[in-house]
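Engineer: Kindly return the folded structure for what I paste below:
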Amino acid sequence: MGRPLVIASALPRRLCSEPPTWEFAGLRIRRYTSRDHRAVFAVHRECLFQVGLRPGDGVYYDDDFTNIEEVYLRNRGEFLVGEVGGQVAALGGLRRVDDLTAEMVRLRVRPDLQGRGYGAALVTVLEQRAAELGCRRLRADTTVKQRVAIALYRSYGWREIAREATGDTVTVYYEKRLG
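Structural biologist: Below you'll find the predicted structure:
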């Protein structure tokens with residue numbers, strides 16, 4: 001089965017506004033830099049393989065990883081990296097849809113570090129960053145194979161708005177209104 005979902009009782013502590021940096025239970029969350037690319041992509045692939053998603057399955061995609069700076073950082077979004085002991089342990093991004101909406105994407109925690117509240121810390125920080133960037137609505141999607149992600153979104157008040165089947169995989173779409 002998987003590790004039980006841990007909802008953190010403490011909130012990430014903001015260390016710096018620009019560049020944005022937070023700390024939570026040994027996890028240092030900061031903005032992505034190009035030096036992170038290889039490690040970020042490795043964590044992304046490891047997390048998707050963990051739940052049985054593979055290139056070519058109709059759901060898996062990674063074209064945004066070829067240019068994170070352009071897709072996220074230069075397009076009024078955000079891409080954050082969480083480190084433990086100087087190693088990339090988690091990641092998540094905000095991809096702008098329009099002036100008031102962003103998608104929370106690429107929410108990943110390395111499998112050997114799951115169950116420590118790092119995913120919850122990232123959701124908290126990304127929701128905060130979205131509000132700071134002027135977003136009033138967030139969207140996200142995950143697959144039914146990612147049960148921990150579904151539980152996490154629900155626990156943070158996200159509302160399921162649709163489901164869509166692609167081959168053997170069902171994608172669940174969520175939305176959350178901010179402030």
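Engineer: my read: Glu127 touches Arg177, true?
Structural biologist: No: using CB atoms under 8 Å, Glu127 makes no contact with Arg177, being 10.8 Å away. Yep, even glycine has a C-beta here, placed from its N, CA and C like the rest.
Engineer: Need the residues that contact the lowest-mean-pLDDT helix or strand in the chain.
Structural biologist: Among the helical and strand segments of the chain, the one scoring lowest on mean pLDDT, DSSP states H and E is helix 37-50, with a mean of 92. The contact list for helix 37-50 (CB atoms under 8 Å, 6 or more residues apart in numbering) reads 32, 54, 60, 62, 65, 68, 81, 87-91, 106, 108-111.
Engineer: Return the set of buried residues in that helix.
Structural biologist: His37, Ala39, Val40, Phe41, Val43, His44, Arg45, Cys47, Leu48 (16 or more other CB atoms under 10 Å).
Engineer: Quick check: which ranges of this protein have low pLDDT?
Structural biologist: 1-9, 54-60 (pLDDT under 70).
Engineer: hey, where'd the strands end up in it?
Structural biologist: 13-16, 21-24, 27-31, 78-84, 87-98, 101-109, 137-143, 159-166, 169-177 (DSSP state E).
Engineer: right, so of these, which gets closest to Ala120?
Structural biologist: Of all the strands of the chain, strand 21-24 sits nearest to Ala120, with 8.8 Å by CB to CB.
Engineer: helices or strands next to that closest one in the packing?
Structural biologist: Where contact means 3 or more CB pairs under 8 Å, 6 or more residues apart in numbering; DSSP states H and E, strand 21-24 is packed against strand 13-16, strand 27-31, helix 118-132.
Engineer: now these in TSV, with mean neighbour count and distance to Ile161?
Structural biologist: Output for those, formatted as TSV (neighbours: other CB atoms under 10 Å; distance: least, CB to CB, whole Å):
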stretch	mean neighbour count	distance to Ile161
strand 13-16	12	30
strand 27-31	20	27
helix 118-132	21	17
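Engineer: would you turn these into a markdown table with distance to Thr166?
Structural biologist: Below are the helices and strands packed on strand 21-24 laid out as a markdown table (distance: least, CB to CB, whole Å):
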| stretch | distance to Thr166 |
| --- | --- |
| strand 13-16 | 38 |
| strand 27-31 | 31 |
| helix 118-132 | 24 |
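Engineer: of all the ones you listed, which lies closest to Tyr156?
Structural biologist: Comparing those by their distance to Tyr156 (CB to CB), the top pick is helix 118-132, with 5.4 Å.
Engineer: now the buried residues of helix 37-50 in a markdown table, with distance to Ala165?
Structural biologist: Shown next, in a markdown table, are the buried residues of helix 37-50 (distance: CB to CB, whole Å):
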| residue | distance to Ala165 |
| --- | --- |
| His37 | 32 |
| Ala39 | 33 |
| Val40 | 29 |
| Phe41 | 27 |
| Val43 | 27 |
| His44 | 23 |
| Arg45 | 23 |
| Cys47 | 22 |
| Leu48 | 18 |
